[in-house]
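Trainee: generate a structure from the sequence data that follows.
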Amino acid sequence: MNNPLPINLKNHIRRIPEFKGVVFWDITPLLKDPACFHTTIKQIADHYRNKNIDLVIANEARGFIIGAPVAYELNAGFVPIRKKGKLPYKCIDLTYQKEYESDTIQIHEDAITKNQNVLIIDDLLATGGTAKANLELVEKLGGKVVGIAFMIELDYLDGRKVLGNKYEIFSLERKPTPDS
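Mentor: Now for the predicted structure:
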């Protein structure tokens, strides 16, 4: 499958109206469809293929599902960002506000070498809190954020504003309203 056709993510992602007080976008239908999952990974990787990515960083848990295969496609390393207390080595951590609660995430203190080109990946851009926390950890370790990629972006929550104009943000699909 060298040049996968674009997919309509809307047909493969389930919208759950009330989950912990927010609209939840469930990617499990996409993941169980091999062609759709492969196409999704390939499209993200193809966007960054010529950008000299050294590392792909992703937050648990859904970010891992997308980030690790993209890293593989790009012949890059993969670095997990995890919830506090889940990584075994010395870590730096950051507490941030999510849509419905605060969270603390960690990364190993030696996960990134200064000036490495880093791609941050997650399944969804909502309010931007998780992505901003991830990029702050990357920059704290001296990494250069080359881009931030998502499967879906919820435009109506203005996550791009939180991330600012300094970074390239790439989304396979953007949703202008909660019902789109």
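
Trainee: low-confidence ranges, the protein, go.
Mentor: Within the chain, the segments meeting pLDDT under 70 span 1-7, 9, 18-23, 99-100, 180.

Trainee: which stretches of it form helices?
Mentor: Assigned by DSSP state H, the chain shows helices spanning 28-32, 34-48, 62-74, 129-140, 159-163.

Trainee: ok, the residue lying closest to Leu163 once chain neighbours are set aside - how many residues close by?
Mentor: Closest residue in space to Leu163, ignoring its immediate chain neighbours: Gly128 at 5.2 Å, by CB to CB, 6 or more residues apart in numbering. Heads up, the C-betas are built off the backbone N, CA and C, glycines and all. If you count neighbours by other CB atoms under 10 Å, Gly128 ends up with 22.

Trainee: wait, isn't Gly128 in contact with Tyr167?
Mentor: No: Gly128 lies out of contact with Tyr167 (CB atoms under 8 Å); the separation is 10.9 Å.

Trainee: roughly how far apart are Phe150 and Ile66?
Mentor: Distance of Phe150 to Ile66, computed by CB to CB, to the nearest Å: 9 Å.

Trainee: which residues are in contact with each of those two?
Mentor: Taking CB atoms under 8 Å, 6 or more residues apart in numbering as the criterion, Phe150 and Ile66 both touch Ile121, Asp122, Asp123.

Trainee: so what's the last one up against?
Mentor: With contact taken as CB under 8 Å, 6+ apart, Asp123 is in contact with Trp25, Ile27, Arg62, Gly63, Ile65, Ile66, Phe150, Met151, Ile152.

Trainee: quick one: the strands in the protein?
Mentor: 14-19, 22-26, 55-59, 77-83, 91-97, 102-108, 117-125, 144-154, 169-175 (DSSP state E).

Trainee: can you tell me which residue is spatially central in this structure?
Mentor: Asp122 (1.4 Å; CA atoms, centre = their mean).

Trainee: ok, it to Ser171 distance?
Mentor: Going from Asp122 to Ser171 by CB to CB gives 10 Å.

Trainee: likewise Pro17?
Mentor: Distance, Pro17 to Ser171, using CB to CB: 22 Å.

Trainee: more neighbours: which of these two?
Mentor: Neighbours of Pro17 and Ser171, each counted by other CB under 10 Å, are more numerous for Ser171; the result is 20 against 9.
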